[in-house]
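Trainee: Show me the folded form of this:
(one chain, ligands or ions: 1)
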Amino acid sequence: MGAERKKIIIDTDPGIDDAMAIFVALNSPEIEVIGLTTIYGNVYTTLATRNALHLLEVAERDDIPVAEGSHVTITKGTKLRIADFVHGSDGLGNQNFSPPKGKAIDQSAVAFLVEKVSQFPGEVTVVALGPLTNIALAIELDPEFPKKIGQIVLLGGSFFVNGNVNPAAEANIFGDPEAADIVFTCGADVLAVGLNVTHQVILTETDREKLAQSNGKFAQYLCKILGIYFSYHHEAYETRGVYLHDPAAFLAAVDPSLFTYTEGMVRVQTNGITRGMTILDNTKKRYGEITEWSDKPIVKVAVTVDAPAVVKMVMERLMNS
Ligand SMILES: O=c1[nH]cnc2c1ncn2[C@@H]1O[C@H](CO)[C@@H](O)[C@H]1O
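Mentor: Numbers count the residues shown, from 1 in each chain. A predicted model of the protein is given here:
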């Protein structure tokens, strides 16, 4: 069956919900993870690489290559917003795991992305779980990248709802708004899964207890690191559950029928107090003037989610591991 499995590259900044998505991916028979590329966001890029290697070693999948991504934004910005207050200073719940044995490959994330989409045109899906710098750099390096990539499924944006960095912006888009605007307007098959849907996908305390009671290797590992993610959510949102952002976005790549979608053009605000805001033009109005919105490619944006089904799939794939 190997031949028909969808090839997926996960661009990731692990991160507790990234760890969850990676484990779910490694236990998803429908797809094949052909590589991880790393980016800053929840942690700095160097630590993201270390965590990606560590997670693959925990899963005994160190055959999967890790390619290190950009350390700066697409405009070479070095003042990054790192969400260590969500995930712990090590990105994985402050557990002091020993360093991984393996190393990232010599190729950069951008070179790896371009090579893989060129090797398998139309067949590679990139699931982007952090700021979109690597993907935008790949588009800049290879103008054919949008045509060669099968799909870009990205966790990002907050469509018609408030963000999580501030009322306007979601963390991944805020991390590199210029890169995000390049990705949304590049012409590839882009599917955005934003906070408007991921905030409905909640792992409860009861689910966490079920994970703790299962013998699944991934479930056991996650229970060690989930504490800080739960405390953060309790503090920030007064919820007793956590949002499954990254696993939800990953599952949109595996089973699109878990979501419903709308289509339109998306642009990203790069200035002022709304920097990082994602704006969808639903194309219902034929605007008279030619503007920076005119003739941009159409992308898909998730609008509803079968949250119980997503949580169930996540739980099963973590427990049966
Ligand atoms: O409040 C927050 N600030 C910054 N990042 C966050 C917050 N909550 C979650 N995430 C992280 O950013 C992505 C979703 O926007 C997720 O990867 C999540 O781990």
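Trainee: contacts, neighbours, all on C-alpha from now
Mentor: Will do.
Trainee: which stretches of the chain form strands?
Mentor: For the chain, the strands defined by DSSP state E occupy 6-12, 31-38, 66-67, 124-128, 151-155, 190-193, 202-203, 242-243, 259-268, 278-281, 299-305.
Trainee: Same list, those, but as a markdown table with distance to residue 312 please.
Mentor: Listed next are the strands of the chain as a markdown table, based on distance: least, C-alpha to C-alpha, whole Å:
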| stretch | distance to residue 312 |
| --- | --- |
| strand 6-12 | 21 |
| strand 31-38 | 18 |
| strand 66-67 | 29 |
| strand 124-128 | 20 |
| strand 151-155 | 19 |
| strand 190-193 | 18 |
| strand 202-203 | 10 |
| strand 242-243 | 14 |
| strand 259-268 | 14 |
| strand 278-281 | 29 |
| strand 299-305 | 13 |
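Trainee: Residue 114: which of those is closest?
Mentor: Of all those, the one in closest proximity to residue 114, counting by C-alpha to C-alpha, is strand 124-128 (10.5 Å).
Trainee: What are the contacting residues of that closest one?
Mentor: Outside strand 124-128, the residues within contact range by C-alpha atoms under 8 Å, 6 or more residues apart in numbering are 6-12, 116-117, 149-155, 249-250, 253.
Trainee: how far is stretch 311-319 from where the chain is centred?
Mentor: 18 Å (C-alpha atoms, centre = their mean, to the nearest Å).
Trainee: what's around residue 57, how many residues?
Mentor: Residues lying near residue 57 (other C-alpha atoms under 10 Å) number 16.
Trainee: From residue 245, how far off is it?
Mentor: Using C-alpha to C-alpha, to the nearest Å, we find residue 57 at a distance of 23 Å from residue 245.
Trainee: What of residue 49?
Mentor: In terms of C-alpha to C-alpha, residue 49 sits 20 Å off from residue 245.
Trainee: more neighbours, those two?
Mentor: residue 49 (27 against 24).
Trainee: my read: that one touches residue 104, true?
Mentor: Yes. Counting by C-alpha atoms under 8 Å, residue 104 is a contact partner of residue 49 at 7.1 Å.
Trainee: Give me every residue in this structure lying close to the ligand.
Mentor: 17, 83, 164-165, 170-172, 245-246 (C-alpha under 6 Å from any ligand atom).
Trainee: I only care about those that end up buried; give me the PyMOL line for that.
Mentor: The PyMOL command for the buried members of these (criterion: 16 or more other C-alpha atoms under 10 Å) is given here:
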select buried, resi 17+83+164+165+170+171+172+245+246
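Trainee: just the buried members of the contacts of strand 124-128?
Mentor: By 16+ other C-alpha under 10 Å, the contacts of strand 124-128 give 6-12, 116-117, 149-155, 249-250, 253 as buried.
Trainee: what about the helices in the protein?
Mentor: Along the chain, counting by DSSP state H, helices occupy 16-26, 45-58, 84-87, 109-119, 133-141, 145-148, 171-175, 177-184, 195-198, 205-213, 217-237, 245-254, 307-319.
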